[in-house]
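1. following is a predicted model, sequence given first.
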Amino acid sequence: MKVTISTARNLVLAAILAGSWPALAGSVPDGSVDLLKQKFTEGSYSKRGADGCMMCHKRDPQIAAIFDSVHGDPNGKNTPMAGLQCEACHGPQGKHKGKNEPMLTFGEDSPLTAEMQNSVCLGCHQKGADAQWHGSLHDLEEVSCVSCHQLHVAKDPILNPANQSEQCLSCHTRQQADIHKRSSHPIKWDQMNCTDCHNPHGGIGPAATEQPTVNDGCYQCHADKRGPMLWNHAPVMEDCTICHTPHGSVNDNLLTSRVPMLCKQCHGDNPHAGNVPGGNSSINTAGQGCLNCHSQIHGSNHPNGAKFQF
């Protein structure tokens, strides 16, 4: 097998030698950090590639399953198995045979930090949806790629939209509770998933959303609220989350507070409010409160719709 040093390998080497390794001192015993640095610098990749690795690791079905995956396709364009094979991700073999030298490992039991583990993946995955990883929320929280992704499988389960929300909610427990409240987006019924709104690798909007603003994200489904209207309701134009909470609420229609209490946060001095002299207290409990009359609360195109009644 002809061994070539790919661009991906050079990117990984640059990341590893960029200064993060000293932070691992003490977490890896017996000077393994220096040894791993030396192995990468020397680039002593095995000429046998996966053939040498599988002499020992073929008994482990989880490891052998790499050949069922995209990464393990020797005929694929730019796949690890088409180049440096196992060593493309786990580093130069060197004198590893017989466990005399360490290799790069991944997961919770790895001595490497999430940043170091991710640098291997980012050697290839820096385009498209992955391009905004650096500086993203998951990057800053030191979440490793293998916390969500599986490589030694025929198909990474997280790539199936039906599995994505379960994976996200295993960490985001507050949102997990919210989706079971009285009103919520239909995530628990698999009619939506988290990536419909968020990019886990880094989004251009707040909270890693795909759209630059919260409203732009909401308008992807709720286009009828987009406007422009002849009469615009200011908080609607500013930010949908002023009145709605996106993951779930105990109130109708994902409202942050029950109507009319929600309306009174801005319109507390209105004669209808019931807490001013001559006010009508029945508005607090009758039907839909303010919405009994102001039914077009997101905006109106009626010539007489300044009060959002038509």
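-> Good, I have the coordinates.

2. contacting residues around the spatially most central residue of the chain?
-> With distances taken as C-alpha atoms, centre = their mean, residue 200 lies nearest the centre of the chain, 1.5 Å away. For residue 200, the contacting residues are 138, 148, 168, 194, 208, by C-beta atoms under 8 Å, 6 or more residues apart in numbering. C-beta coordinates here come from the backbone N, C-alpha and C atoms, glycine included.

3. which two of these have the greatest separation?
-> Maximum pairwise distance in the contacts of residue 200, criterion C-beta to C-beta, is 13.4 Å, between 148 and 208.

4. re the thing from before, take the contacts of residue 200 and keep only those in helices.
-> 138, 168 (DSSP state H).

5. ok, back up a step: quick check: the residue nearest to the centre of the chain is in a helix.
-> No: using DSSP: H, G, I helix; E, B strand; the rest coil, the assignment for residue 200 is coil, not a helix.

6. all strands of the stretch 101-250 of the chain, in order?
-> Assigned by DSSP state E, counting those that start in this stretch, the strands in the stretch 101-250 of the chain fall at 231-232.

7. looking at the contacts of residue 200, which is nearest residue 52?
-> residue 148 (30.2 Å).

8. burial count for the closest one?
-> 19 (other C-beta atoms under 10 Å).

9. tell me who's in contact with it.
-> 158, 167, 200.

10. now residue 302
-> 230, 231, 296, 310.

11. just send those back as TSV, with distance to residue 254, neighbour count and pLDDT too.
-> Converted to TSV, the contacts of residue 302 look like this (distance: C-beta to C-beta, whole Å; neighbours: other C-beta atoms under 10 Å; pLDDT from 0 to 100):
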residue	distance to residue 254	neighbour count	pLDDT
230	26	12	96
231	23	18	96
296	18	17	95
310	25	14	93
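
12. from those residues, which land in helices?
-> Using DSSP H, none of the contacts of residue 302 sit in helices.

13. any idea which of those is closest to residue 46?
-> residue 296 (70.3 Å).

14. if we can go back for a sec, ok, and the most crowded of the contacts of residue 200?
-> residue 194 (22 neighbours).

15. so which residues of the protein form helices?
-> 7-16, 32-42, 50-57, 61-64, 87-90, 114-122, 137-140, 161-169, 173-178, 214-219, 234-238, 261-264.

16. could I get the buried residue list for the longest one?
-> It refers to helix 32-42. Buried positions in helix 32-42, judged by neighbour count with 16 or more other C-beta atoms under 10 Å: 33, 36, 37, 39, 40.

17. spit out the contact partners of residue 158.
-> Per C-beta under 8 Å, 6+ apart, neighbours of residue 158: 148, 149, 150, 164, 167.

18. could you report the distance from it to residue 168?
-> Noted for residue 158: a distance of 9 Å to residue 168, by C-beta to C-beta, to the nearest Å.

19. ok, how many other residues are close to the closest residue to residue 242 other than its chain neighbours?
-> Leaving out its chain neighbours, the residue that sits closest to residue 242 by C-beta to C-beta, 6 or more residues apart in numbering is residue 235, at 4.3 Å. Burial of residue 235 is recorded as 16 neighbouring residues (other C-beta under 10 Å).
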